[in-house]
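>>> this is a predicted model, with the sequence first.
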Amino acid sequence: MGEVVQMHFTTVDYVIFVLLLVASAGIGLFYAFSGGRQRTTQEFLMADRSMSCLPVSLSLLATFQSAVAILGAPSEVYTFGTQYWFLGCSYFLGLLIPAHVFIPVFYRLRLSSAYEYLELRFNKTVRICGTVTFIFQMVIYMGVVLYAPALALNAVTGFDLWGGVLAMGLVCTLYTAMGGLKAVMWTDVFQTVVMFAGQLAVIVVGASQAGGMAEVWRKANNGSRIARLDLNPDPLERHTFWTLGVGGVFLMLALYGVNQAQVQRYLSSRTEKAAVMSCYVVFPCQQIVLCMGCLMGLVMFARYGEDSPLDKGYVQTNDQMVLYFVMDVFQDLPGLPGLFVACLFSGALSTISSAFNSLATVTMEDLIKPHFPNMTESKATLLSKALALAYGLICLAMAYLASLMGSVLQAAFSIFGMVGGPLLGLFCLGMFFPWANSIGAVVGLVAGLAMAFWIGIGSFMMRLPGPTPVPPINSTMSPLFDNMTTAAMTTLVTAATAKPRPTGVEALYSLSYMWYSAHNSTTVVVVGLLVSLITGPMKEKDLAPGTVFPVLGTLLFFLPERYREKLCCVTPLPSKPKEINTQPYKMAKKDGNGAAYCKEDTVTEDKEAASDKAQTDQEDEAETRVNQPSCQLTAHTVQETAL
């Protein structure tokens with residue numbers, strides 16, 4: 001074993017890295033002093049619901065593609081081969097379902113926080129449970145995402161560890177607290193371009209040094225790194241087509257369907273159509289990102305073969321291996337290492353800024369506004385900015401704690417991952433099963449979290465070194481499920497070994513991390529439905545309009561309507577924005593002071609003919625006058641509806 005090798009940045013590398021931070025801060029300052037100057041909570045937290053498809057889609061991608069993924073994907077492919085590429089098969093359903101199920105429900109309810117939905121569908125208790133769970137997972141993960149790339153950079157290049165952490169944390173806090181969601185999304189666009197450029201530069205230069213892509217492919221094939229389709233249905237196998245292609249769908253749904261950071265981007269879109277289109281645009285971008293990660297891993301293998309820098313002792317963990325490779329490839333090309341590190345830190349910045357903004361939003365909308373109904377708009381906006389700033393400082397504190405964790409750092413990733421599945425199950429319970437009640441929702445969420453932690457911690461403990469130690473997998477071996485879902489759950493599983501197949505509880509602990517989200521969300525739904533049936537299922541008349549997606553009504557179309565009514569399977573959901581113009585889609589929401597009001601969804605199709613628009617406006621005014629008396633709900637009626 002050799003000593004850990006350190007390479008060093010040139011002046012050009014430092015200049016490129018600083019330029020990234022300056023440009024990111026500059027975008028934030030631009031939006032702080034332009035436009036509406038972030039004077040309202042709608043502008044600060046929701047970008048005035050005015051964003052077009054391109055920034056929304058690239059921001060969705062950047063939030064997903066954190067530094068953990070940039071470091072982890074190539075080392076995963078280098079170590080285990082391209083089987084991981086089949087994860088791309090899960091992207092199709094993982095984005096199609098949010099586009100046509102979750103987005104229509106959330107967008108038409110005109111929410112600011114995804115957890116508002118839980119109060120409309122169940123009650124305030126369920127909303128607070130969902131909010132607190134989300135805050136818990138994000139606060140833990142933020143520090144890890146900030147600390148991990150800085151630690152890898154420090155180990156390989158000697159780059160000052162806390163200098164990197166503070167630079168990222170403070171710049172990110174600055175532009176998020178000053179520029180709001182617009183600044184976050186436009187910096188995400190800039191950072192996405194930097195990420196693509198950095199990865200592409202590594203692939204092009206590395207492949208040319210290895211003798212071209214044909215030679216890279218030949219070496220990878222000879223080294224058994226080009227994986228064939230594995231149709232083994234065993235859920236204990238770490239990576240097969242089924243674990244990646246089917247289990248991955250649930251991971252994608254937990255991220256793109258119900259996570260506040262992503263839902264907030266949908267809701268900031270100018271129209272529902274733009275929000276749906278952003279999901280479609282993300283799909284090819286994700287495939288490109290996945291392919292680039294795989295190609296970088298293959299180029300690494302072509303350079304080092306089976307004799308990896310990790311085996312030689314040049315680096316200590318897998319997440320440092322990619323940086324070592326980059327510094328090795330670019331050692332005679334000053335500036336390019338700085339570009340890749342800018343790419344790496346762009347991933348971290350986009351992830352953390354999204355976390356700050358989404359945390360400020362849920363804290364403001366779910367925990368503060370309901371208790372201070374008379375707060376002025378200027379005070380609410382100032383408090384929102386203070387919350388973003390406070391979460392930035394908490395992130396730096398969590399990074400310091402992460403530095404003290406040592407091997408527990410892997411457990412921190414795991415704790416984050418174990419929360420995504422139960423939250424997905426909670427939203428699915430409310431959206432697809434009309435008879436689920438609030439008691440079932442709370443009990444189901446608790447059961448799902450308990451199951452997640454039981455399996456996760458049990459699996460982690462089972463793999464602690466003992467009389468016959470099992471080699472652990474490094475913290476970023478699961479590269480892509482990074483910031484908003486079950487990131488780094490590979491910390492709980494090991495590579496395929498010659499051990500006999502586990503049985504009993506040990507088999508449960510050996511479940512592939514790719515099935516965690518599916519298993520935990522299913523637990524929430526099953527327990528929630530059972531408890532709801534025992535405690536008295538909800539009746540269709542008690543459901544708040546628009547909170548149930550009529551999937552059961554579609555699946556059970558063959559049943560007579562009277563049976564479907566008993567199963568609450570006839571609850572309608574307007575399927576097109578135009579239907580909302582002719583039949584106003586009203587939502588009763590309780591104002592802070594207990595009064596109720598009706599909110600009409602004002603989504604309209606882009607480029608609508610002027611004559612049609614005028615006619616629609618006249619119809620809306622007429623219907624509003626006709627329906628006005630029925631909209632004056634009492635607080636008591638609204639409370640009954642919510643319950």
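Ah, there it is.
>>> just how off-centre is stretch 273-289 within its chain?
14 Å (CA atoms, centre = their mean, to the nearest Å).
>>> CA atoms of it as CSV?
Extracted in CSV, the C-alpha atoms of stretch 273-289 (Å, rounded to 0.1, in the frame of the first residue of the first chain):
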residue,chain,number,x,y,z
LYS,A,273,-48.5,22.8,-19.5
ALA,A,274,-45.0,24.3,-18.9
ALA,A,275,-44.7,22.3,-15.6
VAL,A,276,-45.6,19.0,-17.5
MET,A,277,-43.2,19.9,-20.3
SER,A,278,-40.4,20.4,-17.9
CYS,A,279,-40.7,16.8,-16.8
TYR,A,280,-40.4,15.7,-20.5
VAL,A,281,-37.4,17.9,-21.0
VAL,A,282,-35.6,16.5,-18.0
PHE,A,283,-35.9,12.9,-19.4
PRO,A,284,-33.3,13.1,-22.2
CYS,A,285,-31.1,15.3,-20.0
GLN,A,286,-31.1,12.6,-17.3
GLN,A,287,-30.2,10.0,-19.9
ILE,A,288,-27.2,12.1,-21.1
VAL,A,289,-26.1,12.6,-17.5
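>>> give me the contact list for that stretch.
51-54, 56-58, 60-61, 64-65, 69, 88, 91-92, 95-96, 98-100, 103, 107, 196, 256, 265-267, 269, 577, 605-606 (CB atoms under 8 Å, 6 or more residues apart in numbering). Using the backbone N, CA and C atoms, a C-beta is placed for each residue, glycine as well.
>>> which of those residues are buried? Put it as a ChimeraX command.
Applying 16 or more other CB atoms under 10 Å to the contacts of stretch 273-289 leaves a buried subset, and the ChimeraX line that selects it is:
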select :51,53,56,57,58,60,61,64,65,69,88,91,95,98,99,103,107,196,256,265,266,267,269,577
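>>> any idea of the mean pLDDT in stretch 560-568?
What stretch 560-568 shows for mean pLDDT is 68.
>>> what does stretch 215-228 give?
pLDDT averaged over stretch 215-228 gives 85.
>>> same question, stretch 356-363
Mean predicted lDDT for stretch 356-363 stands at 88.
>>> then stretch 292-311?
Taken as a whole, stretch 292-311 has a mean pLDDT of 87.
>>> so for that stretch, what gets flagged as buried?
Using 16+ other CB under 10 Å as the test for burial, stretch 292-311 gives 292-304, 308-310.
>>> work out the gap between that stretch and the centre of the chain.
For stretch 292-311, the distance to the chain centre is 28 Å (CA atoms, centre = their mean).
>>> likewise for stretch 367-381?
For stretch 367-381, the distance to the chain centre is 27 Å (CA atoms, centre = their mean).
>>> how far does it stretch from start to finish?
15 Å (CA to CA, to the nearest Å).
>>> show me what counts as buried in it.
In stretch 367-381, counting by 16+ other CB under 10 Å, buried: 367, 369, 375, 380, 381.
>>> ok, the fourth one - contacts?
Contact criterion CB under 8 Å, 6+ apart gives 41, 364, 369 as the residues in contact with residue 380.
>>> so the second one is in contact with residue 41, correct?
Yes - taking contact to mean CB atoms under 8 Å, the distance of 6.9 Å between residue 364 and residue 41 places them in contact.
>>> quick one: average confidence on the host helix or strand of residue 517?
Following DSSP states H and E, one finds residue 517 within helix 516-535. Taken as a whole, helix 516-535 has a mean pLDDT of 92.
>>> quick check: next helix or strand after it?
Counting by DSSP H and E, what follows helix 516-535 is helix 551-555.
>>> all helices of the stretch 101-250 of the chain, in order?
In the stretch 101-250 of the chain, the helices defined using DSSP state H, counting those that start in this stretch lie at 103-108, 116-121, 124-157, 161-210, 213-222, 241-245, 247-256.
>>> would you list those helices in CSV and tack on distance to residue 441?
Listed next are the helices of the stretch 101-250 of the chain as CSV, based on distance: least, CB to CB, whole Å:
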stretch, distance to residue 441
helix 103-108, 16
helix 116-121, 7
helix 124-157, 5
helix 161-210, 29
helix 213-222, 48
helix 241-245, 29
helix 247-256, 17
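>>> can you tell me which of those is most buried?
helix 247-256 (a mean of 27; mean count of other CB atoms under 10 Å).
>>> what's the most distant pair in the buried residues of stretch 292-311?
Using CB to CB, the buried residues of stretch 292-311 reach their maximum pairwise distance at 292 and 310, which is 21.7 Å.
>>> before we move on, back to that, going by distance to residue 449, which of the contacts of residue 380 wins?
residue 364 (24.5 Å).
>>> how much space between the nearest residue in space to that closest one that is not next to it in sequence and residue 188?
Leaving aside its sequence neighbours, residue 364 sits nearest to residue 384 (CB to CB, 6 or more residues apart in numbering; 5.1 Å). Taking CB to CB, to the nearest Å as the measure, residue 384 falls 19 Å from residue 188.
>>> same list (the contacts of residue 380) but as TSV, adding distance to residue 151 and secondary structure.
Below are the contacts of residue 380 laid out as TSV (distance: CB to CB, whole Å; DSSP: H, G, I helix; E, B strand; the rest coil):
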residue	distance to residue 151	secondary structure
41	36	helix
364	32	helix
369	38	helix
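>>> what would those look like in TSV with distance to residue 549?
Output for these, formatted as TSV (distance: CB to CB, whole Å):
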residue	distance to residue 549
41	28
364	27
369	26
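>>> residue contacts, the closest residue to residue 438 other than its chain neighbours?
The spatially closest residue to residue 438, leaving aside those adjacent along the chain, is residue 122, at 4.0 Å (CB to CB, 6+ apart). By CB under 8 Å, 6+ apart, the contact set of residue 122 is 430, 437, 438, 441, 642.
>>> give the residue spans of this structure that score low on pLDDT.
Scanning the chain for pLDDT under 70 picks out the ranges 1-6, 35-38, 64-66, 68, 404-417, 463-504, 553, 557, 563-643.
>>> run a quick neighbour tally on residue 285.
19 (other CB atoms under 10 Å).
>>> how big is the angle separating the helix or strand encompassing it from helix 161-210?
Element membership for residue 285 (DSSP H and E) is helix 272-304. Relative orientation of helix 272-304 and helix 161-210, computed by axes from the mean of the first three to the mean of the last three CA atoms, to 10 degrees: 70 degrees.
>>> starting at the chain centroid, how far to helix 272-304?
Worked out by CA atoms, centre = their mean, helix 272-304 lies 15 Å from the chain centre.
>>> now the angle from it to helix 247-256?
Orientation check (the same axes, to 10 degrees): helix 272-304 against helix 247-256 gives 130 degrees.
>>> quick one on the thing from earlier: okay, the helix holding residue 517 in PDB with CA atoms only?
Taking Å, rounded to 0.1, in the frame of the first residue of the first chain, the C-alpha atoms of helix 516-535 are listed here in PDB:
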ATOM      1  CA  TYR A 516     -36.200   0.400   0.000                       C
ATOM      2  CA  SER A 517     -38.400   3.200  -1.400                       C
ATOM      3  CA  ALA A 518     -41.000   0.700  -2.800                       C
ATOM      4  CA  HIS A 519     -41.000  -1.400   0.400                       C
ATOM      5  CA  ASN A 520     -41.400   1.500   2.800                       C
ATOM      6  CA  SER A 521     -44.000   3.400   0.700                       C
ATOM      7  CA  THR A 522     -46.000   0.200   0.400                       C
ATOM      8  CA  THR A 523     -45.900  -0.300   4.200                       C
ATOM      9  CA  VAL A 524     -47.400   3.200   4.600                       C
ATOM     10  CA  VAL A 525     -50.200   2.500   2.200                       C
ATOM     11  CA  VAL A 526     -51.100  -1.000   3.500                       C
ATOM     12  CA  VAL A 527     -51.000   0.000   7.200                       C
ATOM     13  CA  GLY A 528     -52.800   3.300   6.400                       C
ATOM     14  CA  LEU A 529     -55.700   1.500   4.600                       C
ATOM     15  CA  LEU A 530     -56.100  -1.100   7.300                       C
ATOM     16  CA  VAL A 531     -56.300   1.500  10.100                       C
ATOM     17  CA  SER A 532     -58.700   3.600   8.000                       C
ATOM     18  CA  LEU A 533     -61.000   0.700   7.500                       C
ATOM     19  CA  ILE A 534     -60.900  -0.200  11.200                       C
ATOM     20  CA  THR A 535     -61.500   3.400  12.400                       C
END
